[in-house]
Structures are given as C-alpha cells and as structure tokens.
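Enquirer: sequence? don't have it. structure:
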C-alpha cells in the first residue's frame, strides 16, 4: 500500500544498493562516531540497514530499516539473550525453525529469546519496516548490571521470566505509554544518541518492571504453510481489485477454514480483509486520480465500486476529501509548482 512511511524508509536507504545488507556496529567505549561497517549480499529487491549501539555490557540497542518482501536472517546471539522489539512503521514477521510464523506491527512491543529466531525467514507484508531491538544478555547482566538498575531493583532475569516464561514469545499491543518511551529515539542527533539511548533504555526497563504480566498477550503463531496460503489470497485480491471475493469463496478455493483465514490475514497484514482491501482500493484510486485523466466513474469501476456515490463516500472516509476535490487539489499543486519554477 502507498503510505508516507514507505517513502520515508526509501529515503533513509537511498545509499544502500539493491540486494545489500549494511550492518554498522558501535562498540562500548567507541573511539569513533562512525562505527565499523559490514556489507553483505541479500535477496534481489531487498535493501537492509542495521545500526547497533552497545550501551552497557550485556545491553545493546539496534535500529533497523528494511525494504523488500522477504529475506533470510541468521544471527549468532547466545541462548540467554532476551530480545525486545519495537515497530515504528510497517509490519514484520519471522518464519522460525519448526514452521512457526509470528507477526507484529506499528507501535507494538514484542519479546522473545533470540535462539527462537536465530535462523529464520523475515517477511515484510507492507514492503517495509522501521523499528529497533533492545538485546539483553542475561548471563552478562547477572554479573554486571548498570548501577541505576541496581538502585531501582530491576531484575533482568525476572523480566525475562515475566514476559516469556514458558511461552516462546509475548507482546504488548501499542499504547500511549509505549509511544511515549519511543517517541524521540528514532531521530536523534549523533552526538546526543549514546547518552540519550542509555536513559531511554533504562526508562523502558523501569516501565517493563512495573508492567503486570496480565497486560501482555501471546503473539499469534501460525504455521508457515498457512501463512503462504494467506499470501496467495492477498496477491490474488490485489491483482484483481475490481472483483469482490467473499470469505466463503476464498475459503473453498484455497482449502482453508474461514475463521483461520480471517485470523491469520489480520495477524499478517495488520487489519481485517475488508478494511485492508478498502485501504488498498482507495490508494490505487488516488494514484489513478493523480496520474490519469480517466473519469471518476471509470476509476470507481476499476477498483471495485459499481456505484460512483459509494466510491466517493469510501474515498472521503479514507482520504478525508472527495475524489473530485482530490484531483483538483493535486492539479492545482502541480500548476503552482510549475509557475514558481525558475525559467532557463
């Protein structure tokens, strides 16, 4: 789908060539602001950057910017490392060993022990992802805990038991407290980044220490075969936005239970099928209004609306403006830009 955050992430990765993964590491007590850079190859059509900062012995924070559809991911963290992941934009899924797939999206916070995803396939249902990971090495932190955490009585091992316990993963759905903690950590000036991240990391751990287990939820886990069926259904609907497929029709065609179809689609793509397709149809219509001179009624039929009035109502519901006004506004902006362009 066309979203502003896609362009934001594309801009951030403009210096990363196609099929390239860039990993930047800033070790503890670093002597350079630039860190060490490693470049590796990844799948065609994929661009990745991860930048990691070691904040304390045993505590590391990594920023991630990803563009693409899916790619293989392998890392060598110890079995005692707890990973806390925050998604800023987009949506991400891990297809882990054993066939399980886990997804979370914008604003969510997830937890897992890193050996669960040490060799996995990463999927980006919306084509991009921006987020960060706080990695806590429990073995190191048993012996060497930051002073402020000691003073506050924060027990990292207890946090791990509280949020994962016997479960392989857990999540905190997006809420205002999570948004407050992460609201300023993604766009920091380089000279302020390390001290500010140390403060924010400790704030996060204080918050988690005060959070009750009842506020967490188990991430929906699905087998990769089911997720692949959902992807096929997704691709079919996007290829034919003019058609109105019913849940029962798709269920029979792809031999999947209707309840599973609805549940897994929402888990993977972040919203129910009807809402997702409405967003997609309107985004396609907006593109056609900008890029073509087709009539409103023709565009409405192309994206699956037989009635122009129903299309206009749906367009206004999503875009907060009628399609006629949207096209006029876009053309006025183009005309204004042209009139202000310097003459050669």
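Expert: Thanks, I have the structure now. Computed from a predicted structure; not experimentally measured.

Enquirer: Would you mind measuring from residue 107 to residue 295?
Expert: 39 Å (CB to CB, to the nearest Å). All C-beta spots, glycine's among them, are computed from the backbone N, C-alpha and C.

Enquirer: How about residue 124?
Expert: According to CB to CB, residue 124 stands 35 Å off from residue 295.

Enquirer: Comparing these two, which residue is more hemmed in?
Expert: Set side by side, residue 124 and residue 295 show more neighbours around residue 124, with 18 against 10, by other CB atoms under 10 Å.

Enquirer: I figured that one was touching residue 69, is that so?
Expert: Yes. Between residue 124 and residue 69 there is a contact under CB atoms under 8 Å: 6.2 Å.

Enquirer: for this structure, what helix or strand is lowest in average pLDDT?
Expert: Here the helix or strand of the chain ranked lowest by mean pLDDT, DSSP states H and E is strand 221-223, holding a mean of 77.

Enquirer: quick one: the helices in the stretch 101-250 of the chain?
Expert: For the stretch 101-250 of the chain, helices defined by DSSP state H, counting those that start in this stretch occupy the ranges 138-143, 147-152, 156-163, 176-182, 190-210, 224-239, 247-254.

Enquirer: Tell me the buried residues in the fourth one?
Expert: By that I understand helix 176-182. Using 16 or more other CB atoms under 10 Å as the test for burial, helix 176-182 gives 178, 181, 182.

Enquirer: Now do it: distance to the chain's middle.
Expert: Here helix 176-182 is found 16 Å from its chain centre; the criterion is CA atoms, centre = their mean, to the nearest Å.

Enquirer: so what secondary structure elements neighbour that helix?
Expert: strand 81-95, helix 190-210 (3 or more CB pairs under 8 Å, 6 or more residues apart in numbering; DSSP states H and E).

Enquirer: Please identify the deepest-packed of these.
Expert: Of these, the one with the most neighbours on average (mean count of other CB atoms under 10 Å) is strand 81-95, at a mean of 22.

Enquirer: Sheet partners, orientation included, of that one?
Expert: The strands beside strand 81-95 in its sheet (DSSP bridges) come out as strand 100-105 (antiparallel), strand 109-113 (antiparallel), strand 119-123 (antiparallel), strand 128-137 (antiparallel).

Enquirer: could I get those as a markdown table with mean pLDDT?
Expert: As requested, the strands paired with strand 81-95 are arranged in a markdown table below (pLDDT from 0 to 100):
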| stretch | mean pLDDT |
| --- | --- |
| strand 100-105 | 84 |
| strand 109-113 | 86 |
| strand 119-123 | 83 |
| strand 128-137 | 95 |
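
Enquirer: want to try CSV for the ones you listed, with mean neighbour count and distance to residue 272 as columns?
Expert: Listed next are the strands paired with strand 81-95 as CSV, based on neighbours: other CB atoms under 10 Å; distance: least, CB to CB, whole Å:
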stretch, mean neighbour count, distance to residue 272
strand 100-105, 24, 13
strand 109-113, 23, 21
strand 119-123, 19, 19
strand 128-137, 22, 21
